[in-house]
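Participant: task: produce atomic coordinates for the following.
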Amino acid sequence: MSKKTGLETIRNIGFIAHIDAGKTTTTERILFYTGKTYKMGEVHEGTTITDWMSQEKERGITITSAATYCTWKDTQINIIDTPGHIDFTVEVERSLKVLDGVVVIFCAVGGVEPQSETVWRQADKYQIPRIAFINKMDRNGADFYNVVDDMKEKLQMLLSPLQIPYYKDDEFMGVIDLVADKVYFYEDEFGTKVVTKEIPQDYLEKAGKYKDLLIEKLAELDDSFMHRVIEGEKITNEEISSAIRKYTIMNKFVPIFCGSSLKNKGIQQLLDAVSAYLPSPQEATTINGLDVKTDQEASIDPDNSKLTCALCFKVFSDPFVGKLYYTRVYSGKISASSSIYNATKKINEKVTKILRMHANKQEMINEATAGDIVCLVGLKQTTTGDTLCNSRHPMLLEEIKFPEPVVSLAIEPRTKTDQEKLFTALGKLSDEDPSFKVNYNRETGQNIISGMGQLHLEIMVDRLIKEFSVQANIGKPQVAYKETITKRVEAVGKFIQQTGGRGQYGHVVLLVEPLAKSKGIIFENKIKAGAIPKEFMPAVKEGVEEASSSGTLGGYPVVDVKFTLIDGSFHDVDSSELSFKVAAEMAVKESLRKAKSVLLEPVMDLEVVTPTEYVSQVIGDLNTRRAKISSIKERKNLRIVRTDVPLSEAFNYADAIRNLTQGRASYTIEPSYYEKVPEELLLKILGI
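Facilitator: Here you go, the predicted model:
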């Protein structure tokens, strides 16, 4: 067989899963078996390659997605290891945007856990082909077949095992390959001695049953398979493998594998599956962009000889190199010491260096080509989601959409020296993480930082102190409430000042109406010709946006409102940008008062897994927290309680659930939606 070359040999993959399913441990094993590292790191020892931040080592969790690469046989695999904790879901979101395929890891004991469903839905959104790996087959309570059933029920996708676990005397020994009709044993502690044998007699019936099931699933997708199954014709292993590849790449089928990353079993076969079944950049989902010159949609051809098109999906501040711009190259080439056009910002940027990343270690290269995931150095104004391309043929790729933060806290510098350091550090952190927001509340005179959860903000504060040496006073985490309106109103803003010399004159009329959820703030200009000169329009828009950042109910941001400029007037001498900005702010505040704005609170999706004997105490406690229970399911001797609960009622839930169940229950929580605050709580929140 001839050795493959070029784009067909590349796999851009990521590992996604619920927290603690084994993503980082699996990555470590892959790096070991591919010869990228010579010693396996362990999460519990803080020695893994991809969990390199001090905060990751201390907590034993992945916080930032780390990029690395390796070679397996004749395939180059670029890997992104993503976090499992919901507070860092933005890392999963932006990684999925640039990957061609993913390995979704499930725990053989926990099954399809809440964050497993969340990352699966994220992969659905980007239509990414995936393979599933059921990990921890060595654990007490592991149940491969139960997890497969759980996946079929919850994930709503056509899937089937390509492997089943092989046990001897209740010990996990290896995996049975249903396509090759073989069993793989692992004879040494490090799993390097893999022995292939015929399927043992006592497993032949079970293996036959699951192979027939696999062929049936493929027959649902392939008419020729269906006819041959009905006719009783034999389908060869090569034909089965070819069909799996075809329908996995089409995102119509998910093959399931199994193993134990911690015990070094099943990883080589997972690597084979990545090479065999996940797409190369040429076979991946078509990437479409907007041709800036023609304003028409155009597809990006993954080819080194084509015009350059790339997406910056992450910015990270390295203390030694400066800012690193993680970039996926879709077509063409990027060379070191060259210029590239940022089509989003409409500016030229200089690329001084190109780095291939191995977690926090770097290898300098001269050129990045189609299919590569690299770090660019030297860019100045590029941010997450920007398109980098050829200036002669500018293209715009779809931007990455990020969730809104739900928790905030006040932060104050301790000294004047710390003040400048704090602003610089907050700027760098918000550049890195689009779900981390920094605002200044003019009413309270405080800096407010907001994020996806308490852990998210805790990590950011820790980084401010350790990485940026900022000394600051930190407030308690608070719920990130929002403000909106429920009815359509018209509001006038008039700012007139006479001070003897030149005065101020600004006059705007706004039509203000509510929008659907998650639409943010929209400003539209429908002014009659000549009522307000064009040069003042940016000032009006700025005034609307600035006033919307701090509403009339407790200074919370305004969301889901459309402001339409419908009328106004100006003065030949006294009108200025400032006067129109202030007039717009006055009109916004007036509209919020007239529309009787309401406060919105974040509601969380909470899932509690508790032993049966504690279920009544758990439900009783949830009822005191204004929770709406949506389902109670049974799993062996456990109960799974799923509920919607306001975030304000879920602070410190970890302590409560620990006390209620003697530490035997676990829970996961993630943002779900915003809902109107009940009238009786409004006065309490506003401190009236």
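Participant: ranges for the helices of the stretch 151-300 of the chain?
Facilitator: 204-221, 223-231, 237-249, 267-277 (DSSP state H, counting those that start in this stretch).
Participant: do the same with the stretch 451-600 of the chain
Facilitator: Under DSSP H, counting those that start in this stretch, the stretch 451-600 of the chain gives helices at 454-466, 537-548, 577-594.
Participant: winner for burial among these?
Facilitator: A comparison of the helices of the stretch 451-600 of the chain by mean neighbour count, using mean count of other Cβ atoms under 10 Å, puts helix 577-594 on top with a mean of 22. Every C-beta, even on glycine, is put in place using the N, C-alpha and C of the backbone.
Participant: what's the angle from it to helix 537-548?
Facilitator: Put simply, helix 577-594 runs at 40 degrees to helix 537-548, going by axes from the mean of the first three to the mean of the last three Cα atoms, to 10 degrees.
Participant: so which residues make contact with helix 577-594?
Facilitator: 483, 485, 489-495, 497, 504-510, 512, 532, 535-536, 538-544, 546-548, 551-553, 558, 563, 568, 570 (Cβ atoms under 8 Å, 6 or more residues apart in numbering).
Participant: and V195, which of the helices of the stretch 151-300 of the chain is closest to it?
Facilitator: Closest to V195 of the helices of the stretch 151-300 of the chain is helix 267-277 (Cβ to Cβ; 11.8 Å).
Participant: pLDDT below threshold where in the stretch 251-400 of the chain?
Facilitator: 359-360 (pLDDT under 70).
Participant: the stretch 401-550 of the chain too?
Facilitator: 441-445, 499-501.
Participant: can you show me the strands along it?
Facilitator: 407-413, 437-441, 446-451, 472-474, 478-479, 482-484, 489-497, 504-514, 521-525 (DSSP state E, counting those that start in this stretch).
Participant: nearest to D303, out of the helices of the stretch 151-300 of the chain?
Facilitator: helix 237-249 (18.4 Å).
Participant: same for the longest strand anywhere in the chain, what does it pack against?
Facilitator: Taking DSSP state E as the criterion, the chain has its longest strand at strand 598-611. When contacts are defined as 3 or more Cβ pairs under 8 Å, 6 or more residues apart in numbering; DSSP states H and E, strand 598-611 sits against strand 482-484, helix 615-623, strand 638-646, helix 647-650, helix 653-661, strand 666-676, helix 679-686.
Participant: sheet-wise, list the partners of that strand with their directions.
Facilitator: strand 482-484 (antiparallel), strand 638-646 (antiparallel), strand 666-676 (antiparallel) (DSSP bridges).
Participant: winner for burial among these?
Facilitator: Most buried among those, counting by mean count of other Cβ under 10 Å: strand 482-484, with a mean of 22.
Participant: touching that one from outside, list them.
Facilitator: Contacts of strand 482-484 (Cβ under 8 Å, 6+ apart): 514, 551-554, 556-561, 592, 597-600, 674.
Participant: centroid-nearest residue for this structure?
Facilitator: E93 (2.4 Å; Cα atoms, centre = their mean).
Participant: L355: which of the strands paired with strand 598-611 is closest?
Facilitator: strand 666-676 (33.4 Å).
Participant: quick one, the closest one and helix 615-623 angle?
Facilitator: Going by the same axes, to 10 degrees, strand 666-676 makes 30 degrees with helix 615-623.
Participant: show me what the mean pLDDT comes to for strand 666-676.
Facilitator: On average, the pLDDT along strand 666-676 is 84.
Participant: got the angle for that strand vs helix 679-686?
Facilitator: 100 degrees.
Participant: picking up where we left off before, how near is the residue nearest to the centre of the chain to I80?
Facilitator: Distance of E93 to I80, computed by Cβ to Cβ, to the nearest Å: 12 Å.
Participant: how close does I215 get to T624?
Facilitator: Taken as Cβ to Cβ, the span from I215 to T624 is 53 Å.
Participant: show me which of those two is the more surrounded one.
Facilitator: Counted by other Cβ atoms under 10 Å, I215 and T624 do not tie: I215 has more neighbours, with 20 against 9.
Participant: can you pull the contacts of the more buried one?
Facilitator: Contacts of I215 (Cβ under 8 Å, 6+ apart): F225, V229, I235, I240.
Participant: select only the buried ones of the residues you listed in ChimeraX?
Facilitator: Buried members of the contacts of I215, defined by 16 or more other Cβ atoms under 10 Å, are picked up in ChimeraX with:
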select :225,229,235,240
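Participant: of all the contacts of I215, which comes closest to I164?
Facilitator: For the contacts of I215, the nearest to I164 is I240 (15.3 Å; Cβ to Cβ).
Participant: just to check, that closest one is in contact with L214?
Facilitator: Yes - if you go by Cβ atoms under 8 Å, I240 and L214 touch, sitting 7.1 Å apart.
Participant: hey, what's in contact with both of these two?
Facilitator: Common neighbours of I240 and L214 (Cβ under 8 Å, 6+ apart) are V179.
Participant: how much space between T643 and N304?
Facilitator: 52 Å.
Participant: ok, T82 next?
Facilitator: Taking Cβ to Cβ as the measure, T82 falls 28 Å from N304.
Participant: next, the distance between the ends of stretch 468-488.
Facilitator: From its first residue to its last, stretch 468-488 covers 46 Å (Cα to Cα, to the nearest Å).
Participant: residues of it that come out buried?
Facilitator: So, applying 16+ other Cβ under 10 Å, buried residues of stretch 468-488: F468, V470, A472, P477, Q478, V479, A480, Y481, K482, E483, T484, I485.
Participant: redo the contacts of I215 as TSV? Include distance to S260 and pLDDT.
Facilitator: Shown next, in TSV, are these (distance: Cβ to Cβ, whole Å; pLDDT from 0 to 100):
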residue	distance to S260	pLDDT
F225	32	85
V229	34	84
I235	31	89
I240	26	94
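Participant: quick check: the farthest pair among the contacts of I215?
Facilitator: Farthest pair in the contacts of I215, by Cβ to Cβ: V229 and I240, 11.6 Å.
Participant: of the helices and strands packed on strand 598-611, which is nearest C258?
Facilitator: The nearest among these, by Cβ to Cβ, is strand 638-646 at 22.0 Å.
Participant: and the closest one, how far from the chain's centre?
Facilitator: Chain-centre distance of strand 638-646: 23 Å, with Cα atoms, centre = their mean, to the nearest Å.
Participant: could you dump that strand to CSV, C-alpha only?
Facilitator: Provided in CSV are the C-alpha atoms of strand 638-646 (Å, rounded to 0.1, in the frame of the first residue of the first chain):
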residue,chain,number,x,y,z
LEU,A,638,-30.0,6.0,42.1
ARG,A,639,-32.5,8.7,41.3
ILE,A,640,-31.7,11.4,38.7
VAL,A,641,-33.6,14.6,39.5
ARG,A,642,-33.7,17.2,36.7
THR,A,643,-34.9,20.7,37.5
ASP,A,644,-34.8,24.4,36.6
VAL,A,645,-33.7,26.5,39.5
PRO,A,646,-32.9,30.3,39.7
